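1. Using only what follows, build the 3D model:
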Amino acid sequence: VQLVESGGGLVQPGGSLTLSCAVSRFILDRYAVGWFRQAPGKEREAVSCISLRGASTYYKDSVKGRFTISRDNAKNTVYLQMNSLKFEDTAVYYCAADSLLKVWTSKQPRYWGQGTQVTVSS
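-> Here you go, the predicted structure:
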């Protein structure tokens with residue numbers, strides 16, 4: 001069971017970043033995958049989720065229209081394309097996997113990556 005995030009960095013407000021989550025085949029064949037984030041002093045929050053076969057996607061209201069989640073099963077990777085970034089998007093971003101219920105409804109997935117820092121600053 002493995003999830004490894006990459007693609008974080010420093011970006012100016014209004015800029016874009018694409019996060020990648022390399023996912024083990026075990027995970028990709030069984031579970032939904034989501035992106036979570038945690039800013040300093042704040043609770044972790046769910047940002048987006050994609051279902052097992054990619055037919056359904058879900059977004060936190062504040063990122064709708066700006067972020068896009070996708071999965072490429074051939075590359076064992078889940079992406080989070082982030083556009084029009086704002087200061088308040090600054091956080092450590094984590095990918096996580098489990099059933100859709102656990103990832104998006106209860107927000108308590110079992111499998112987690114180590115996180116990647118996204119900083120939006122001028």
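2. Helix or strand with the lowest mean pLDDT in the protein?
-> Within the chain, no helix or strand scores below helix 25-28, which has a mean of 92 by mean pLDDT, DSSP states H and E.
3. how close does residue 18 get to residue 74?
-> 17 Å (Cβ to Cβ, to the nearest Å). Quick note: C-beta positions are derived from backbone N, CA and C, even for glycine.
4. which parts of the helix or strand following the least confident helix or strand of the chain are buried?
-> Next along the chain after helix 25-28, taking DSSP states H and E as the criterion, comes strand 32-38. By neighbour count with 16 or more other Cβ atoms under 10 Å, strand 32-38 contains the buried residues 32, 33, 34, 35, 36, 37.
5. Equivalent analysis for stretch 12-29, please.
-> So for stretch 12-29, counting by 16+ other Cβ under 10 Å, buried means 17, 19, 20, 21, 22, 23, 27, 28.
6. you'd agree the first one is up against residue 116?
-> No. If you go by Cβ atoms under 8 Å, residue 17 and residue 116 don't touch, sitting 9.6 Å apart.
7. Identify the contacts common to the two.
-> 7, 8 (Cβ atoms under 8 Å, 6 or more residues apart in numbering).
8. Centroid-nearest residue for the chain?
-> For the chain, residue 35 is the residue whose C-alpha lies nearest the centre (Cα atoms, centre = their mean; 2.2 Å).
9. Which parts of the chain are helices?
-> Assigned by DSSP state H, the chain shows helices spanning 25-28, 100.
10. now do the same end-to-end measure for stretch 25-33.
-> 12 Å (Cα to Cα, to the nearest Å).
11. now do stretch 65-78
-> 18 Å.
12. Also stretch 95-102?
-> 13 Å.
13. Next, the buried residues of it.
-> Buried residues in stretch 95-102, counted by 16+ other Cβ under 10 Å: 95, 96, 97, 98, 99, 100, 102.
14. For residue 105, give me the pLDDT.
-> pLDDT recorded at residue 105 is 89.
15. brain fart, residue 122
-> At residue 122, the pLDDT recorded in the model is 95.
16. With residue 57 as the reference, measure out to it.
-> 30 Å.
17. Of these two, which one has the most company?
-> Between residue 122 and residue 57, counted using other Cβ atoms under 10 Å, the more crowded position is residue 57 (16 against 7).
18. That's all I had, so thanks and see you.
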